[in-house]
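A.B. asks: build me a structure from this.
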Amino acid sequence: MSPRLPQPELSSLRLHLREVRTTDAPALFAIHSHPQVMRYWSYPAWTEVQQAEQKIADIQRQRRELDILIWALADARTDLLIGTSALFAIDLSQGRAEIGYSLHPDWQGRGLASEALRLILAYAFNQLGLRRIEADIDPRNHPSCRLVERQGFIQEGLFRERWNVNDEICDSAMYGLLSKDFKP
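C.D. replies: Here you go, the predicted structure:
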């Protein structure tokens with residue numbers, strides 16, 4: 001495994017996927033302080049912009065130390081960060097990784113998350129040569145479940161009482177997508 005995977009920039013007509021920058025802190029805070037976005041995450045909504053600044057520092061450290069790819073999902077016209085996505089737990093020798101994502105509610109319902117996932121999945125399968133991508137989703141998060149299902153993911157199992165999210169014990173729906181089943 002390489003000491004660090006290069007962070008590719010990916011683009012579509014509406015999105016520019018790029019590295020997260022220090023200047024993205026206010027936009028990242030707007031996402032992670034939103035109760036609707038954070039409803040199914042493993043930590044509560046942020047209350048201070050310093051939490052976003054610390055997260056960006058953590059992202060930059062992770063990029064230096066780990067094989068993890070973290071994209072800012074930016075509006076192609078304005079370059080405003082509207083979401084993030086990460087390809088993590090990357091194991092090139094096993095040909096697998098996990099994916100996660102978030103999108104500010106003001107930008108939801110436009111197909112942007114699907115567009116971003118298609119770009120990332122195509123990169124993961126075609127450039128990295130992965131054969132499997134997994135997603136761990138709270139089964140009550142129906143929009144997220146539908147999002148990955150539209151990309152071809154199959155729910156392969158349910159882990160009962162897997163996480164404690166905001167003092168609530170939650171299940172995990174485990175989804176998988178094989179490269180041979182991916183339709184870009």
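A.B. asks: ranges for the strands of the protein?
C.D. replies: 10-11, 15-18, 69-75, 81-91, 96-103, 132-137, 154-165, 168-178 (DSSP state E).
A.B. asks: helices or strands up against the last one?
C.D. replies: So the one you mean is strand 168-178. Using 3 or more CB pairs under 8 Å, 6 or more residues apart in numbering; DSSP states H and E as the contact criterion, the neighbours of strand 168-178 among helices and strands are strand 132-137, helix 142-150, strand 154-165. C-betas here are computed from N, CA, C, even on glycine.
A.B. asks: sorry, back to before: winner for burial among the strands of the chain?
C.D. replies: Scoring these by mean neighbour count under mean count of other CB atoms under 10 Å gives strand 69-75 as the most buried, with a mean of 23.
A.B. asks: pull the longest helix from the protein.
C.D. replies: Identified as the longest helix of the chain according to DSSP state H is helix 49-65.
A.B. asks: tilt between that helix and strand 69-75?
C.D. replies: Counting by axes from the mean of the first three to the mean of the last three CA atoms, to 10 degrees, helix 49-65 lies at 130 degrees to strand 69-75.
A.B. asks: what residues does helix 49-65 touch?
C.D. replies: Judged by CB atoms under 8 Å, 6 or more residues apart in numbering, the contacts made with helix 49-65 from elsewhere in the structure are 4, 7, 19-22, 24-26, 28-29, 32, 46, 68, 70.
A.B. asks: returning to what we had before: make a markdown table out of the strands of the chain and add distance to Pro143 and mean pLDDT.
C.D. replies: Written out in a markdown table, the entries for the strands of the chain read as follows (distance: least, CB to CB, whole Å; pLDDT from 0 to 100):
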| stretch | distance to Pro143 | mean pLDDT |
| --- | --- | --- |
| strand 10-11 | 22 | 98 |
| strand 15-18 | 18 | 98 |
| strand 69-75 | 16 | 97 |
| strand 81-91 | 13 | 96 |
| strand 96-103 | 10 | 97 |
| strand 132-137 | 10 | 97 |
| strand 154-165 | 15 | 94 |
| strand 168-178 | 13 | 96 |
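A.B. asks: just to revisit the earlier point, let's have the helices and strands packed on strand 168-178 in CSV, adding distance to Gly83.
C.D. replies: Formatted as CSV, the helices and strands packed on strand 168-178 follow (distance: least, CB to CB, whole Å):
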stretch, distance to Gly83
strand 132-137, 15
helix 142-150, 12
strand 154-165, 20
